[in-house]
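**Q** Here you go, sequence then predicted model.
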Amino acid sequence: MTGTLAHVFRHPIKGHGREALASVPLSAGECVPHDRRWAVAHDAAHLTDGWNACANFARGAKAPALMAVTARLDEATARVTLNHPDRGEIDFAPDDPDDLPRFLDWVRPLNPPDRAQPARIVTAGRGMTDSDFPSISVQTTASLRDLSMRMGRDLSMDRWRGNLWLDGAAPFAEFGWIGRQIEIGTAVLEVRERITRCLATAVDPETGHRDAGRRLEAAVTLAFTLAPEPEDADREVGRLMFAGPVTFVKGVVAMSGLPPADRLEVCFAGRSNVGKSSLINALTGRKTLARASNTPGRTQEINYFALGDTRYLVDLPGYGYAEAPVAVVAKWQALLRQYLAGRQTLRRAFVLIDARHGIKAVDAEILTLLDRSAVTFQVVLTKVDKIHRDERVALLAQVTGALAKHPAAYPEIVITSSEKGEGIETLRAIIATLV
Ligand SMILES: Nc1nc2c(ncn2[C@@H]2O[C@H](COP(=O)(O)OP(=O)(O)OP(=O)(O)O)[C@@H](O)[C@H]2O)c(=O)[nH]1
Ligand SMILES: [Mg+2]
């Protein structure tokens with residue numbers, strides 16, 4: 001694959017601030033120049049000559065406030081300027097012992113009082129990266145975006161201490177790069193090992209306060225099943241298709257009433273009240289195309305909408321609880337099952353799952369029916385505006401866990417809010433590019 005180099009960072013003093021660079025010269029067998037040139041040993045450190053492991057040093061994993069430090073190195077004078085929202089600016093020469101007390105006074109309040117305290121600044125003749133060989137850390141913006149989506153919030157790049165950020169990869173593709181090479185300009189990087197997770201990433205780098213904790217860890221370990229943001233071209237195809245004509249064709253109460261199977265169709269299935277009609281309205285940008293209501297069981301027919309002349313969008317009656325006479329419910333439930341199992345041109349069933357509830361037993365029954373009928377289904381989480389962003393990870397864990405049992409599940413989940421518009425462009429692109 002081909003990507004682009006998006007950002008370059010170095011960290012002149014390990015754990016004490018990042019510095020963005022416009023470009024960087026790399027030399028074989030060396031770290032990014034001046035990256036982790038210094039490190040701050042604490043008073044409980046056991047140092048040997050040369051490189052030492054990160055446990056000996058003050059760092060963001062143990063002292064969250066350090067994550068809000070920014071740095072600037074003047075290479076000519078070997079002076080460093082650090083900034084922190086609470087501590088202001090300090091300019092000093094890490095190699096000058098006379099500057100040490102001033103630096104320690106500045107940095108001490110950023111270290112928790114009950115932990116080992118910063119004591120001295122050391123060098124090793126090589127970058128003090130976390131690996132025992134000189135290394136350059138590489139990360140991808142796609143994985144960061146994906147993780148942000150899982151977490152339901154924009155995560156700053158500054159949570160991580162990577163040297164090089166690459167654009168253009170698929171999310172988490174880097175896990176498969178070990179043993180391979182990355183060429184950047186004339187430099188060739190050998191991908192040696194994964195970076196292990198660091199608690200420093202749980203800290204908001206704006207404030208220096210920990211705000212993500214274990215959820216971040218859980219989010220990374222989930223099965224990789226979020227629909228990625230569409231490529232610009234696909235987004236445009238989706239936009240154009242859904243901005244074009246959409247017309248109500250008919251409401252169907254029996255299989256014999258289905259329109260001719262002359263084009264690709266997708267349907268929206270889900271429990272009563274999950275938001276099927278609202279989603280169709282959001283996709284088509286028309287408020288009242290499909291009837292949405294507060295009364296579960298409002299959609300009692302199979303409603304066909306023509307999207308241009310190439311696709312049908314099908315709004316299905318809800319399954320599960322409905323405020324309608326038992327006999328009526330039984331009738332439309334039977335129709336729903338016949339439709340899902342027997343419509344030849346049904347290209348994909350979107351199964352909507354309420355973000356507040358996850359996959360329930362009634363949903364699993366429908367998923368099993370789709371498995372048996374070999375209809376590919378894709379889970380669309382709805383009403384995500386109704387859950388707190390911190391609840392997303394547990395929801396995704398539940399959903400991906402439940403999906404693992406269903407062979408017909410399409411391996412990407414879409415997170416949506418018809419109310420706020422989240423995920424709508426993604427879903428448009430998915431539908432518009434189905435073949
Ligand atoms: N907050 C929020 N509410 C939503 C969203 N989508 C739907 N709703 C609300 O949920 C209720 C049910 O929405 P519908 O679109 O009628 O649900 P349905 O799945 O078509 O329901 P049935 O046709 O009865 O099976 C309505 O009150 C909607 O306003 C959403 O994304 N966010
Ligand atoms: Mg409906």
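**A** Done, it's in. This is a predicted model, so every value here is computed, not measured. Ligands and ions are numbered 1, 2, ... in the order given.
**Q** Could you pick out the residues of the stretch 201-350 of the chain near ligand 2 for me?
**A** Counting by C-beta under 5 Å from the ion, the residues of the stretch 201-350 of the chain close to ligand 2 are 276-277, 299. Where C-beta positions appear, they are placed from N, C-alpha and C, glycine not excepted.
**Q** which residues of the stretch 1-150 of the chain score low on pLDDT?
**A** For the stretch 1-150 of the chain, applying pLDDT under 70 flags no range at all.
**Q** Nearest to ligand 1: which residue in it?
**A** Minimum separation of the stretch 1-150 of the chain from ligand 1 (C-beta to the nearest ligand atom) falls at M149, amounting to 16.3 Å.
**Q** repeat for the stretch 251-400 of the chain
**A** G318 (2.5 Å).
**Q** what bridges to the residue in the stretch 301-435 of the chain that ligand 2 sits nearest to?
**A** As assessed by C-beta to the ion, ligand 2 sits closest to D315 within the stretch 301-435 of the chain, at 5.8 Å. Beta bridges link D315 to F268, N303 when assigned by DSSP bridges.
**Q** isn't it right up against F268?
**A** Yes: using C-beta atoms under 8 Å, D315 is in contact with F268, at 5.7 Å.
**Q** okay, and the common contacts of those two?
**A** Jointly contacting D315 and F268 under the rule C-beta atoms under 8 Å, 6 or more residues apart in numbering are 276, 280.
**Q** which bits of the stretch 251-400 of the chain sit near ligand 1?
**A** Residues of the stretch 251-400 of the chain lying close to ligand 1 (C-beta under 6 Å from any ligand atom) are 270, 272-278, 292-294, 296-299, 318, 382-383, 385-386.
**Q** so what's T284 closest to, chain neighbours aside?
**A** V246 (4.6 Å; C-beta to C-beta, 6 or more residues apart in numbering).
**Q** what's across from that neighbour in the sheet?
**A** V246 forms beta bridges with L307, as assigned by DSSP bridges.
**Q** quick one, what contacts it?
**A** With C-beta under 8 Å, 6+ apart, V246 has these contacts: 284, 286, 289, 305-308, 313.
**Q** Mind splitting the protein into its structural domains?
**A** 4-214, 232-432 (automatic domain parsing).
**Q** Now distance to V220 too, for those, in CSV please.
**A** CSV is the format used below for these (distance: least, C-beta to C-beta, whole Å):
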stretch, distance to V220
domain 4-214, 7
domain 232-432, 10
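**Q** The residue of the stretch 301-435 of the chain closest to ligand 2: how many residues sit nearby?
**A** Neighbour count of D315, defined by other C-beta atoms under 10 Å: 24.
**Q** Do you know the pLDDT at it?
**A** D315 carries a pLDDT value of 94.
**Q** residues contacting it?
**A** Each residue near D315 by C-beta under 8 Å, 6+ apart is listed here: 267-268, 276-277, 280, 290, 299, 302-303, 305.
**Q** ok but A219 is inside a strand, no?
**A** No: assigned with DSSP: H, G, I helix; E, B strand; the rest coil, A219 falls outside any strand and is helix.
**Q** coming back round to it: ranking the residues of the stretch 201-350 of the chain next to ligand 2 by neighbours, who comes first?
**A** K276 (30 neighbours).
**Q** Verify the stated contact: it with L313.
**A** No: taking C-beta under 8 Å as the definition, K276 is not a contact partner of L313, at 10.3 Å.
**Q** Now do the shared contacts for these two.
**A** F268.
**Q** picking that back up, now neighbour count too, for the contacts of V246, in JSON lines please.
**A** Putting those into JSON lines (neighbours: other C-beta atoms under 10 Å) gives the following:
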{"residue": "T284", "neighbour count": "21"}
{"residue": "R286", "neighbour count": "13"}
{"residue": "L289", "neighbour count": "20"}
{"residue": "F305", "neighbour count": "21"}
{"residue": "A306", "neighbour count": "18"}
{"residue": "L307", "neighbour count": "24"}
{"residue": "G308", "neighbour count": "14"}
{"residue": "L313", "neighbour count": "24"}
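**Q** how about those residues in JSON lines, adding distance to G88?
**A** Shown next, in JSON lines, are the contacts of V246 (distance: C-beta to C-beta, whole Å):
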{"residue": "T284", "distance to G88": "54"}
{"residue": "R286", "distance to G88": "54"}
{"residue": "L289", "distance to G88": "57"}
{"residue": "F305", "distance to G88": "60"}
{"residue": "A306", "distance to G88": "64"}
{"residue": "L307", "distance to G88": "58"}
{"residue": "G308", "distance to G88": "60"}
{"residue": "L313", "distance to G88": "58"}
